[in-house]
Structures are given as C-alpha cells and as structure tokens.
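Undergrad: Here is a sequence together with a model predicted from it:
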Amino acid sequence: MSKYFARLKPPKGLTVPPLLARFAKWVATQKYGNFGSFELMTSEVPGELSDAWCFLSLPEGSLLALVSTVTPRPVVLFDSESDVLKVVAPSLEAFLLALGAGKTRLDDLDEGDEREALREWLAKEKVKAPKPAKFNVKAYQRDAAPAPVESEGVKKLAPLPRGLVALLGRPVTDPKLSAELKKLKLPTRPLKAGGALKDKKRGITVHIGRNGVISEVHLGEKYDGPLAFKLPQGVNDFTAKKFLGKPTGVLKKKDGGSVWEKVLDAGRGIYFSRSRGHFDWWSEHRFFIKKKK
C-alpha cells in the first residue's frame, strides 16, 4: 500500500509554515489517493518568480506554490498548459480545508472519497481560514520576474538572434511572452510544458522544457539569418575554427561530427553551439541553457 510522498525543503531564506510541516508529516502516513493524487515536494518555481516556492506537484505536471509577498500567503497554480497563474486558495489554511472538502476545483485533488481522516486531522489542528490578504495575481506575475541583465556577449548579437536569446529562461506563464514572440514573427501557440513553437519556413524551433520554461532555440537547415561570434552561414568546419576555435566535442551518433559550444552568458548559463554530422550538408546551431551538473 503506497503512501503519499512528502519531502519539503524551501529555498534559502524561506521557511516551511508550521502547519504545512505538520501536514507533511501526517500525510506521509496516509494511503495514496484517499484524498487526491499529489506529492508534497519542493520544485523550482517556473521562470524563477521571486518570493514564491512550489510545495505540491500534480500528476500532469502542474505545481502549487506559496507566495510570500503578502500575509496570509496565497496558494497559486502554475498550470502546465496555461500561460497565466491562478489563485487556488487565499491561504494555506483555506487550501487544506478545501482539500478536506474535495472542493479545490482541481480534478487531481478532488478525486478520492476517503477524506474523513483528513477532516478529523484538520479539526484536531483547529485549522481555520484567516481573512484573505489583498493580492492581485496578474500584477504579481507581471512584476515578480525581473528582466534579465544582458551579458556583453549577448549585446553583440544581431537583432534576431538577440531576440531569440532573450526568450531563454522565460516561463510560458509570462504575460509578456506572447508579445515578444509576435515581435520575432514566431507562433504564440501552443505554449505548454514540453512543447515547441516551430517556424518551418525560417528553420527556427523554440523548445519549452518540462518545467514550463523555454530552454532552447534550435536553428535548422532552412535558417539563413545571423548567428553568434560573427560566424558566417554556410562555412565548413575548417573555416568555423577561425571563428569558434577548436571543437569542444563530437556528436553522439554514428555519423557524428565536430561540436562547438561557446558560452554567451555565463551568469545565466546560456550557450551557443554548432554541429554537423559527417554526412550532413548543413550545420545546425542552437542557443540553449546548459543544465548545471
């Protein structure tokens, strides 16, 4: 009989509310699925929004987070298929009471019909919903993610690649993202975790990671725009060395060729890469966020 998973470790400078800590300890003893399907676990906040941390994960990838800009702290939803945040409950207490009643309005949390034990626990803890704070979720989302500071390497890029690089690290929940995509003449849908925006005519593909954050811009065979480090289009590997130096690796496939990876913004972990298989007529280029080891 599987139990609920509960392991919470908030970001530096933030603490687990005592009520949530007690709930985590208790829920770890309960049969999974009795009152919803979820895991209590700390996850990165999509887009690195400030003053918030994710404490609950749903099976389809959505996350619930506590926002610390007001007291009591509201519970918000990072929907894996939406571009906006949603308020689930005005406080942690209100959220737990809704969970006990099966009225969170989230399908994964409202399934299951064995909530009596949870309601008894809430009564024993004397949980009552406090008066909600004034909280504008749209204003929070707009203001909580500061604009990234461009590195000198990024500033040297031509307008198109500079705009593409600016997409990296942006969450699909960013209300300004659609306007930025339109400026670059890129499609604005579908914006969802694990998806991709494709401009087949120009050979540009924007990849969205499973956490709902743009992680890579791929420039394929049809791309003929400017690149990085003054690298011209269509040059062979020998000429590429004059601009990028020695290759940093080899493609991991049977027809693997040389790979170059050069950092554009060390602070944000943004890189530019070039590669070409031995039997390919074209080179592929990427702007991407390199995962920390």
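TA: Perfect, thanks for sending it. Just so we're clear, the structure is a prediction, and the values are computed from it rather than from any experiment. Numbers count the residues shown, from 1 in each chain.
Undergrad: any idea of the mean pLDDT in the longest strand seen in the chain?
TA: Using DSSP state E to define each element, the chain has its longest strand at strand 258-265. Averaging pLDDT along strand 258-265 yields 92.
Undergrad: Please list the outside residues in contact with that strand.
TA: Applying CB atoms under 8 Å, 6 or more residues apart in numbering, the contact partners of strand 258-265 are 150-151, 153-154, 157, 165, 228-229, 237, 240, 244-245, 247-251, 270-276, 287, 290. Backbone N, C-alpha and C define where each C-beta goes, glycine included.
Undergrad: in it, what's buried?
TA: For strand 258-265, the neighbour count (16 or more other CB atoms under 10 Å) marks S258, V259, W260, E261, K262, L264, D265 as buried.
Undergrad: Would you mind giving those as JSON lines with distance to N211 added?
TA: Compiled in JSON lines, the buried residues of strand 258-265 are given as follows (distance: CB to CB, whole Å):
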{"residue": "S258", "distance to N211": "31"}
{"residue": "V259", "distance to N211": "25"}
{"residue": "W260", "distance to N211": "27"}
{"residue": "E261", "distance to N211": "22"}
{"residue": "K262", "distance to N211": "25"}
{"residue": "L264", "distance to N211": "21"}
{"residue": "D265", "distance to N211": "19"}
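Undergrad: Tell me the backbone dihedrals of the residue of the chain most remote from its centre, please.
TA: Residue farthest from the centre of the chain, counting by CA atoms, centre = their mean, is F238 at 37.7 Å. Main-chain dihedrals, F238, degrees, to the nearest 10: phi -60, psi -50.
Undergrad: Report the contact partners of it.
TA: Contacts of F238 (CB under 8 Å, 6+ apart): none.
Undergrad: where's it relative to K246, distance?
TA: Separation of F238 from K246 (CB to CB, to the nearest Å): 12 Å.
Undergrad: Could you do V206 as well?
TA: Taking CB to CB, one finds V206 at 30 Å from K246.
Undergrad: who's more crowded, the two?
TA: Per other CB atoms under 10 Å, whichever of V206 and K246 has more neighbours is V206, with 24 against 7.
Undergrad: give me the element the more buried one is part of.
TA: strand 204-208 (DSSP states H and E).
Undergrad: Pairing partners for the next helix or strand after that strand, with directions?
TA: Of the helices and strands lying after strand 204-208 in sequence (DSSP H and E), the nearest is strand 214-219. Strand 214-219 sits in its sheet next to strand 204-208 (antiparallel), strand 284-289 (antiparallel), going by DSSP bridges.
Undergrad: export these to CSV and tack on mean pLDDT and distance to L177?
TA: CSV is the format used below for the strands paired with strand 214-219 (pLDDT from 0 to 100; distance: least, CB to CB, whole Å):
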stretch, mean pLDDT, distance to L177
strand 204-208, 95, 10
strand 284-289, 94, 16
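Undergrad: So which bits of the lowest-mean-pLDDT helix or strand in the chain are buried?
TA: The weakest-scoring helix or strand in the chain, judged by mean pLDDT, DSSP states H and E, is helix 137-144 (a mean of 80). Using 16+ other CB under 10 Å as the test for burial, helix 137-144 gives Y140, Q141, A144.
Undergrad: show me what contacts E180?
TA: Contacts of E180 (CB under 8 Å, 6+ apart): G163, A166, L167, R170.
Undergrad: any idea whether the closest residue to K155 other than its chain neighbours is helix, strand or coil?
TA: Among residues not flanking K155 along the chain, R162 sits closest, at 7.6 Å (CB to CB, 6 or more residues apart in numbering). Put simply, R162 is helix when judged by DSSP: H, G, I helix; E, B strand; the rest coil.
Undergrad: give the contact list for R162.
TA: By CB under 8 Å, 6+ apart, the contact set of R162 is E150, V154, K155.
Undergrad: Tell me the gap between the helix or strand that contains the second one and the middle of its chain.
TA: Secondary-structure assignment from DSSP H and E places V154 in helix 152-155. The chain centroid and the centroid of helix 152-155 are separated by 24 Å under CA atoms, centre = their mean, to the nearest Å.
Undergrad: Buried residues of that helix, list them for me.
TA: Going by neighbour count (16+ other CB under 10 Å), the buried part of helix 152-155 is G153, V154.
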